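1. Sequence unavailable; structure follows:
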């Protein structure tokens, strides 16, 4: 294996680990802020670093179209371009091709599509996805897969999963092994336990540095998702990191960590920040609401994020005035809240108090935000 | 006088001084970044502080309409609201009432107008302008004046200036003196030397902590403006700070400092940053231009601003992708460039080399940006 991963503690099925990469160590469980176009929207690298995020994610689909993989390579790769020396995980581009690309056609070879930016024609194969992510200098590369649409019949889900497994094998074949860099496989199979199991067997036969759970957070709801995790996670190898793609809200993260997941990514904290929403203990606040106009209380008093210390009244004013600083501060706060939540879970796992942590989190959520 | 000002050096007519206020010391010459709606657009307070800006400006007109002076007062004033403990200068609101307010009517009493936000009716008198700026907790308060439109006949300019002088006297009367807080008068008189002189005499009769030069940067051009400064500045008292309002481009600042001006404010560095423009030694770059797409060079290598260290290719990518980070980084860089220019001028004045500094600046401008 090119990436070292060590389990440091288990508490029930919840895990605390350490993933060591060429670009630095990643304590798990970890949440990766999304830097779609080689920028975590509205955040400088100083703000990201201040949240303690040890790794960020970037989107292959967006970057292959603009500025282009070859250009990023010539400019020294993503770490140099963004001046972010720490780990970067890139998705394979498959998900965005399906959701954003026009006139997409999937064949055994790969997927062809037109850019949502300028209509230009592009092809993404497992081999090209590896090539692009190599050029981007991704610390962690994801295999090309098809994120099976939801809902799907068993036959549709099986056929889609099986093609994804053939693409996974080709991805592994094309991936250039380098010390401290890794390749993750992606489990598919929609909501069907037998397909998830078959997918896991196929991935284990190929062998990866880590295992992602794909095809969730596609509208199935938290209960269904947790049900899938209950059967989909345990067969994954204990000595490798497990990554639940595209998840989620704070309560999703707590429930998934409880079920043995180590890594997450989601646009929720950044997107919510741009839409005036703040995650605080107990839930969400909409800073656009007039009730905040005269509220001198800090957004979150017990947070050590500079953005959390501004009064709700000021944040409301910035949002109402369409000032960039409103989106900047709320994004910063949210990403910090997520990192803080992950640190809290890790600490609880290390000290064997995760059940208490989860119970106290649920209790606070039931009460709502202060 | 409530504000202490000491001249530390003169080099020709260029001055280096120190203005001491209740919220901190301001080395001059100084450029004040504009924080219109209680936020320097696109900058956190950490970014502003990193540029070394010792004071910022906020707009009375914008703040009286939203969030409202009384609300800001209840929330502890602007310093608390913005978490900016350093000095803040507020304009009087007069300029924006003229340029943004609808259905404005000027009488001897003051000006009535409708808000550009919601059409609500408002009045601004010298007394109300003092009251609002007091409630905002401005370190430096500006008298209410009428920024005479340009061009104006001698008779129009005289009548407008004379009313502004009567408003200046009423402003002084209404201003609440506090240690470390100050009130500045504003010289008017359009481009007419005799009116500028009469205005100065009127202001000196009233007596202020500092003297601003208003009614310039209204479309007259640099040559005309410098011509006005040549006669308008010398009669101002040597022991008080001189503030040229709404100016300007880097070459305006160098020329005005040479003519004895100490303080400036302008939206240029921040607005330019939002429109993809960067000030660098020698001139301006438009990062939207395709010529930057593959340029690995940092925006400005010899700058110690973190934003200046990103490659031009990355900044071009951010701008083309309409990413907030593009505007954030270019704004940060520009404000830093301006602060750095002011520091350079101050240092040159202190060491008696201002003429060399100005000549070298002009030479670089003639060459254009690298």
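-> Okay, I see it. All of these numbers come straight from a predicted model, not from anything done at the bench. Numbering: from 1, shown residues only, chains lettered A, B, ... in the order given.
2. going forward, measure contacts between C-alpha atoms and count neighbours the same way
-> Will do.
3. got the phi/psi numbers for the nearest residue to residue A:33 once chain neighbours are set aside?
-> Once its chain neighbours are removed from consideration, residue A:33 has its nearest residue in residue A:56; the separation is 5.1 Å (CA to CA, 6 or more residues apart in numbering or on different chains). Main-chain dihedrals, residue A:56, degrees, to the nearest 10: phi -130, psi 170.
4. just residue A:119 next, same as before
-> Comment: the main-chain dihedrals of residue A:119 come out as phi 80, psi 0, following degrees, to the nearest 10.
5. Equivalent analysis for the one 4 residues further on, please.
-> For residue A:123, the backbone dihedrals are phi -130, psi 140 (criterion: degrees, to the nearest 10).
6. I figured it hits residue A:110, correct?
-> Yes. Shown here, residue A:123 and residue A:110 form a contact pair, counting by CA atoms under 8 Å, at 7.2 Å.
7. which of these two has more neighbours?
-> Relative neighbour count places residue A:110 above the other of residue A:123 and residue A:110, with 21 against 16, counting by other CA atoms under 10 Å in any protein chain shown.
8. Just give me how far stretch A:241-256 sits from the chain centre.
-> Going by CA atoms, centre = their mean, to the nearest Å, the spacing between the C-alpha centre of stretch A:241-256 and its chain's C-alpha centre is 8 Å.
9. Other residues contacting it?
-> Among residues not part of stretch A:241-256, those counted as contacts by CA atoms under 8 Å, 6 or more residues apart in numbering or on different chains are A:5, A:19, A:209-217, A:222, A:226, A:229, A:236, A:260-268, A:338, A:341, A:345, A:358, A:362.
10. next one: stretch A:317-325
-> With contact meaning CA under 8 Å, 6+ apart, stretch A:317-325 is reached by A:276, A:287-288, A:293, A:326-327, B:37, B:39, B:41-44, B:66-67, B:324.
11. Check which residues of it are buried.
-> Neighbour counts over stretch A:317-325 (16 or more other CA atoms under 10 Å in any protein chain shown) mark A:317-321, A:323-325 as buried.
12. could I get those residues as JSON lines with distance to residue A:248?
-> As requested, these are exported to JSON lines (distance: CA to CA, whole Å):
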{"residue": "A:317", "distance to residue A:248": "28"}
{"residue": "A:318", "distance to residue A:248": "27"}
{"residue": "A:319", "distance to residue A:248": "24"}
{"residue": "A:320", "distance to residue A:248": "27"}
{"residue": "A:321", "distance to residue A:248": "29"}
{"residue": "A:323", "distance to residue A:248": "27"}
{"residue": "A:324", "distance to residue A:248": "25"}
{"residue": "A:325", "distance to residue A:248": "25"}
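13. now, which of those residues lie within helices?
-> Assignment to helices by DSSP state H places the following of the buried residues of stretch A:317-325 there: A:317-320, A:324-325.
14. and which of the residues you listed is nearest residue A:98?
-> Among those, residue A:324 lies closest to residue A:98 (CA to CA), at 31.1 Å.
15. Roughly how far does the closest one sit from residue B:40?
-> When CA to CA, to the nearest Å is applied, the distance between residue A:324 and residue B:40 equals 9 Å.
16. Repeat that for residue A:139.
-> Note on residue A:139: its distance to residue B:40, by CA to CA, is 36 Å.
17. next one: residue A:64
-> With distances taken as CA to CA, residue A:64 is found 34 Å from residue B:40.
18. Looking only at neighbour counts, state which of those two leads.
-> It is residue B:40, of residue A:64 and residue B:40, that has more neighbours when counted by other CA under 10 Å, with 26 against 23.
19. Settle this for me: the more buried one is touching residue B:47, isn't it.
-> No. Residue B:40 lies out of contact with residue B:47 (CA under 8 Å); the separation is 10.0 Å.
20. lowest average confidence, helix or strand, in chain A?
-> One helix or strand of chain A scores below all others by mean pLDDT, DSSP states H and E: helix A:94-100, with a mean of 84.
21. Check which residues of that helix are buried.
-> Buried, per 16+ other CA under 10 Å, within helix A:94-100: A:94-95, A:97-98, A:100.
22. swap in stretch A:49-67?
-> A:51, A:53-67.
23. out of the residues you listed, who's nearest chain B?
-> Ranked by distance to chain B (CA to the nearest CA), those are led by residue A:67 at 6.2 Å.
24. Secondary structure element holding that closest one?
-> Element membership for residue A:67, per DSSP states H and E: none, as it lies in no helix or strand.
25. Show the model's pLDDT score for the closest residue to it other than its chain neighbours.
-> Beyond its immediate neighbours in the sequence, the residue positioned closest to residue A:67 (CA to CA, 6+ apart) is residue B:317, lying 6.2 Å away. At residue B:317, the pLDDT value in this model is 98.
26. Relative to chain B, how far out is the residue most central in space within chain A?
-> When chain A is reduced to its mean C-alpha position, the nearest residue by CA atoms, centre = their mean turns out to be residue A:265, at 1.3 Å. Computed as CA to the nearest CA, to the nearest Å, the residue A:265 to chain B distance reads 20 Å.
27. So which residues on the stretch 201-350 of chain A come close to chain B?
-> With CA under 8 Å from any CA of the partner chain as the criterion, the stretch 201-350 of chain A meets chain B at residues A:294, A:296, A:310-311, A:313-314, A:317, A:321, A:323-325, A:328-329.
28. Now render these as a markdown table, adding distance to residue B:85.
-> Output for these, formatted as a markdown table (distance: CA to CA, whole Å):
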| residue | distance to residue B:85 |
| --- | --- |
| A:294 | 21 |
| A:296 | 17 |
| A:310 | 13 |
| A:311 | 15 |
| A:313 | 18 |
| A:314 | 15 |
| A:317 | 19 |
| A:321 | 22 |
| A:323 | 21 |
| A:324 | 21 |
| A:325 | 18 |
| A:328 | 20 |
| A:329 | 18 |
